[in-house]
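Colleague: coords below, sequence missing:
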C-alpha cells in the first residue's frame, strides 16, 4: 500500500504480500444468490463505532484489515437495506462473512 | 455562513446541474467509479493525479491549480459543486483546497456519491466537453492550513482534533481498516488531542448531522473549547478536511486549520511526543 492515499477501493484493497500477518475480515453480499453490486460494507468496532467502509465490488465483495477482536460488518444497500453481522478477527486469519440481504 | 451557502442536496443538483455557471465535479482518490457512472454533466478530479505534486509531498501550487481548472473548463465565477465517494472525504479535501486558492462559490453535495447511489439516482457515462478557461487563483490562505511546527506548538494550547477511528487514535491500527496495516510510522496520537472520528459527524448515508447535533458532539461531548483555535488531523488530511468543513463551514468556527501532513508525517517525526491509548 502507499502512504499517500487513504481511499477505499470498491470491494476492498487487494491482499498484500504480508497478508498472512494481517487480521482480515472479508465477504460477499448477495440477494437471491446474485451479487449485490451497489452498496456499502462498513466495519464497526466492539463499541459500535464506525471504523471503515468500502463500496461493494462487482462481485458484491468487501475486505477489511482489522485488529484482533470482535467487530460488526454493516451492509447498506438501495431500498433502505441495513444488515449487521458480527465477526471475530485475528492476525494470520481470514474471517469470511457471507451476507444475504 | 449558513448551511445553504456551503451544502446542497441531491434535488438541488438535479434541478441545477445544467445551469450555466454551475459545474458539478466528482472527486476521488480512485476515479474509476466516475468512469463507471457519474452525475450527468459532472467532470472529474483525481485527488492523486490532479491535486497532488507528483514528486514532493505537497499539493499542486497556485500555477498548477490555475492550469488544472483552466484545462477542465472551470471559471472563477462558476459555482462548483463537489461530491465523491468515501463519504465525501476527497470532495471535502478539494473543497478546502478550492478555498485555499480563493475560489468564492464552492459547495458540497450532502451525502456525496453514496447517498446518490443508495437513493438509486441516475448515473451516466457521458463525459462533458467544457471549453477551456483562464482561471486565476489567489495565494494559499495560510489561515486554514497547519504545518507540523505549529502542530507541535499547539500541544496543550489549542484544540487538537484527531478525526481517525478510535482504533487508529489508540495506536491499535495504523491505517483505516479498509487498507492493509502499515509499518512506517509509530502508532498513537498527538498528546492532548481529542478523538472525534469524522464518522460521528455523518449519518450512515454520508449526509452531515444537524448543526445542533454537531455542536453537541464537538463542544459538549468531546469538550472542545470553541473560544480557542483548532487544528484537525487524520492520516493524510482528507478525513480531517471533512471535519474542517464541519467546524469552519457548518459551525462557523473562525480559526480552524487542517493539518494535511497528519499522522503519516507526525508519526514519522523524530523526537516529537506521542500519546498511546484511548485518551481521556
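Modeller: All right, it came through fine. Because the structure is predicted, anything quoted here is derived from the model rather than measured. Numbering: from 1, shown residues only, chains lettered A, B, ... in the order given.
Colleague: next secondary structure after the strand ranked longest in chain B?
Modeller: Longest among the strand segments of chain B by residue count, using DSSP state E, is strand B:22-28. Per DSSP states H and E, the first helix or strand lying C-terminal to strand B:22-28 is helix B:32-36.
Colleague: just how off-centre is that next one within its chain?
Modeller: On the basis of C-alpha atoms, centre = their mean, to the nearest Å, helix B:32-36 sits 20 Å off its chain's mean C-alpha point.
Colleague: next structured bit after it?
Modeller: strand B:43-46.
Colleague: for chain A, which residues are neighbours of chain B?
Modeller: A:1, A:3-10, A:12-13, A:16, A:18-19, A:22, A:38-40, A:42-43, A:45, A:47, A:49-55, A:63-67, A:74, A:76-79, A:82 (C-beta under 8 Å from any C-beta of the partner chain). C-beta coordinates here come from the backbone N, C-alpha and C atoms, glycine included.
Colleague: mind listing which of these are in strands?
Modeller: Going by DSSP E, the strands hold A:40, A:42-43, A:50-55, A:63-66, A:74, A:76-77, A:82 from those.
Colleague: can you name every helix or strand that the helix-or-strand element of chain A with minimal mean pLDDT contacts?
Modeller: Sorted by mean pLDDT, DSSP states H and E, the helices and strands of chain A end with strand A:50-55, the least confident at a mean of 91. When contacts are defined as 3 or more C-beta pairs under 8 Å, 6 or more residues apart in numbering or on different chains; DSSP states H and E, strand A:50-55 packs onto strand A:40-44, strand A:61-66.
Colleague: sorry, back to before: are any of the residues of chain A next to chain B buried, and which?
Modeller: Among those, those classed as buried by 16 or more other C-beta atoms under 10 Å in any protein chain shown are A:3, A:5-10, A:12-13, A:16, A:22, A:39-40, A:42-43, A:45, A:49-55, A:63-67, A:74, A:76-77.
Colleague: where exactly do the strands run in the stretch 151-280 of chain B?
Modeller: Applying DSSP state E, counting those that start in this stretch to the stretch 151-280 of chain B gives strands spanning B:159-162, B:194-195, B:230-233, B:256-258.
Colleague: of all those strands, which lies closest to chain A?
Modeller: With C-beta to the nearest C-beta as the measure, strand B:194-195 is the member of those nearest chain A (9.9 Å).
Colleague: low-confidence bits of the chain, can you list those?
Modeller: I'll assume chain A. A:1-4 (pLDDT under 70).
Colleague: my bad, the chain I had in mind was chain B
Modeller: In chain B (pLDDT under 70), the answer is B:182-184, B:280.
Colleague: close to chain A: what parts of the stretch 1-150 of chain B are there?
Modeller: B:28-30, B:32-33, B:47-48, B:52, B:57, B:85-87, B:89-90, B:114, B:117-120.
Colleague: list the contacts for residue 100?
Modeller: Here I'm looking at chain A. Taking C-beta atoms under 8 Å, 6 or more residues apart in numbering or on different chains as the contact definition, residue A:100 lies against A:29-31.
Colleague: chain B was what I was after
Modeller: Contacts of residue B:100 by C-beta under 8 Å, 6+ apart are B:140-141, B:144-145.
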